[in-house]
Every structure is written in structure tokens, then in C-alpha cells.
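Chemist: sequence-free structure coming up:
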């Protein structure tokens, strides 16, 4: 911001003013999204010379770019944006309808819904490759939550439907998969995890015990929560005399060791080795004392009392918790799965229900790809656009080919990765 030449004059001596310094003020600007029609015109060519001498005229036709969705107006960029703001930012389709109307385009909820379901169908091959690799991992965490799905008559069904979540545990290349099922039956995880032979970490829901050929490890956070719900309501003398405090303190001691291990060794190449060694030395005796405490206290506790229920829950889960001591890559709780399912829970609060089972299945596929991309430090919207561009031009879509384009692939372009923030506000 400079003075005009005629104003850059001293008001005392009328000599020309000289610049002696500057100050800078930064303003973060916003450029509104723009929607426009891009028209692709293809041409056909014929050889008139051949036509005179040959019945079979030589005709050549140019080709427009391939589209991810057959005969759809949705560009890959627009479709990625629709998916991203629904599944990453929990914007229901009725709000998207108003959002696009503000940008000057009439896109009905039905059109947006059709796009999403069609995109999920095309992405199913990606989901299947992700599942293959999940089942090859040595450690999986699982969780589940409810959702409402409208039946074929357009009515809310009274029975609860479930969105199951499976993710790799501690992994350099995380995979997060959602799986829509009509029930909470134990057959759901049993069928989904068929072929997996590693360690399965869950909460105390017994349905996971049907999964075959795995080692089970349970979540200490769920055990601790039972005791915390008791001690958090007590004060003074009642708190000091509570037998639940002992159980809660065992959990706290184990968590303290984990915190110290991360502070001291995380980031080192030998982190898992050190964690395994320290757990055997410090955590193993605490777990054994915890088990003894539960076995003694449960004999005198009232079965229906909060303490009795906490002890009963602990007695079922703690013996298998010894698996935690066998591998330094295993986590003390199932919080990784609970964090991974939270985006779905947040979205559910906004859109309340899925209009059809097809919509629920589509959400499972698209959530899986978006969350896995995010977990691998990718820009979700850019990755979705890239994946659409790749898939609509691939001749071979076998597993070996598709692996090059998975969210964890080292062959992905650098521009898909989240960039370091270079703007600080």
C-alpha cells in the first residue's frame, strides 16, 4: 500500500518523501468452490477416397476420457468431494443438496445417493484387496456399533442393525474396514475373519469368541471402566474402604507402565522388543496379583452389586489378558478400534439412518477407504480422485495390480500425502 506520487510529498518543505521501512500484515483468504460444465466433443473421420473404391469405409473416431461412473455427469473431482464431505465431515445428503444449490447447481438427494451407491459398487474391488491384506496381518482389533436402516417399505425397522469394524492393530500400514450386518450374531465376526490366524483384541462381548484359530486378548480399558464407575461415585471414608479401589489401582499401575514405555522408547527401532521385556519384568507380576485379587474378592461380593459385576467381568477376561505379555506390538486396550469407529458414530448423529441396506453397505465400503487413507496420512479427497482416475483406465484389476494403488502403497504420488502445514494462524 503506497502513497500516490502526488501525495508522497513533505507537507513542511514540499520535498519528495522517501520510503524508510515497511510493515507486513497477512490475511488468510478464502476462494469459493466453483462448479461448471466441461463439455467433451468427439469427432468421427472417414476416408472419402476409400469410399469411392471400397464398400467398407475407413472410419476413425476420437475418444472422450473414461468416466468412473458409466453415463454419469459426475466428474471424479465432484464425486470425491461428495463422498469426502459425507464420510469425513458428516454432512448428510439433504444438507449437501442445499450446499450445491448455494453454488448454483440443482443436485437432488436421490441423485447424490445414486452416485454414492454406484461409486461404492465400483470401489468394492479395492475393499476386497484391503480385506485380503487385513486377514494376513498378525493382529486385529474389532468393535461394533448400532445403526438404523429403513426397510424396503420405507419404514424404520425396530430391530437393531450393526456396523462392525476391524482394523490392524499396531501397524506401519494401517487398514480399517467397516462391515454392515443385519445382526450382532457371533457368525458375523466368524465369517468376516475366516482365514485370520493372529491375535484378535476386542471388548468383552462374547460373540467374538466364535472366531476360530485366533488368540484372544481383551481390552483393559473396559475392565478399568467397571471399577471407575464405582470409585468415581465415592468420597472420603467410603472411597478409602472400597474394595473396588484395589481393582482400579491394578489397572492404573499397568497403564502407568505403558505410558512410561512410550515416553522412553517410542520411535526407536527396538520399541516392541523393549516393551516386551519390560512387560515381562513389571506388568506380568501385576496381572497375576490382579487375577488373585479377583478370585478372592468374588467369593464374598454380592453377585448383583456393581463390585460383583466388575469382578465377574474381570474374572472372564483377565486370564486371556496374559496374551498381552507375549508380543510387544500388542496394545493394552482396544482404544484403536474405538477411535476408528468414532467417525461413523459422529456421522450417524447427523444423518440418523441409512435409507436402504444398499446404502448401509455403500457406507461401509466408502468409510473403509476414506478412513484407511486418512490413517495412512493421505489427503482423502485427492486420493479418491486419483483412485477413480486409475480404476476407470485399468485393463487388469487383479490383486497384484491393485496393490500398487492401495492407501499404504509406496508407489502413490507424493502430492496425495498430507502436506506439512505451512500456514500458521
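Modeler: Looks like it came in fine. Fair warning: this is a prediction, and the values are worked out from it, not measured in the lab.
Chemist: ranges for the strands of the protein?
Modeler: 44-46, 59-61, 139-147, 161-168, 176-181, 199-202, 215-218 (DSSP state E).
Chemist: For residue 81, which of these is the nearest?
Modeler: Taking CB to CB, strand 176-181 is the member of the strands of the chain nearest to residue 81, at 20.8 Å. All C-beta atoms are positioned from the backbone trio N, CA, C, and that covers glycine.
Chemist: related to what we said a few turns ago, mind checking which of the strands of the chain is nearest residue 374?
Modeler: When the strands of the chain are ranked by proximity to residue 374, the top entry is strand 176-181, at 8.5 Å, counting by CB to CB.
Chemist: other SSEs contacting the closest one?
Modeler: If you count contacts as 3 or more CB pairs under 8 Å, 6 or more residues apart in numbering; DSSP states H and E, strand 176-181 packs onto helix 109-136, strand 161-168, helix 187-192, helix 357-375.
Chemist: What strands line up against that strand, and which way round?
Modeler: Note on strand 176-181: by DSSP bridges, its sheet partners are strand 161-168 (antiparallel).
Chemist: Redo the strands of the chain as a markdown table? Include distance to residue 37.
Modeler: Compiled in a markdown table, the strands of the chain are given as follows (distance: least, CB to CB, whole Å):
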| stretch | distance to residue 37 |
| --- | --- |
| strand 44-46 | 23 |
| strand 59-61 | 22 |
| strand 139-147 | 37 |
| strand 161-168 | 37 |
| strand 176-181 | 35 |
| strand 199-202 | 50 |
| strand 215-218 | 55 |
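Chemist: I'd like those strands laid out as a markdown table, including mean neighbour count, distance to residue 132 and mean pLDDT.
Modeler: Output for the strands of the chain, formatted as a markdown table (neighbours: other CB atoms under 10 Å; distance: least, CB to CB, whole Å; pLDDT from 0 to 100):
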| stretch | mean neighbour count | distance to residue 132 | mean pLDDT |
| --- | --- | --- | --- |
| strand 44-46 | 10 | 43 | 92 |
| strand 59-61 | 10 | 39 | 91 |
| strand 139-147 | 21 | 13 | 94 |
| strand 161-168 | 23 | 13 | 95 |
| strand 176-181 | 24 | 11 | 96 |
| strand 199-202 | 24 | 17 | 95 |
| strand 215-218 | 21 | 21 | 93 |
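Chemist: Show me the one of the ones you listed that comes nearest residue 393.
Modeler: Of all the strands of the chain, strand 59-61 comes closest under CB to CB, at 18.2 Å.
Chemist: which residues touch the closest one?
Modeler: Strand 59-61 has contacts (CB atoms under 8 Å, 6 or more residues apart in numbering) with 42, 43, 44, 45, 46.
Chemist: Tell me the one among those residues nearest to residue 112.
Modeler: Of the contacts of strand 59-61, the one sitting nearest to residue 112 (CB to CB) turns out to be residue 42, at 27.9 Å.
Chemist: The closest one and residue 61, how far apart?
Modeler: 6 Å (CB to CB, to the nearest Å).
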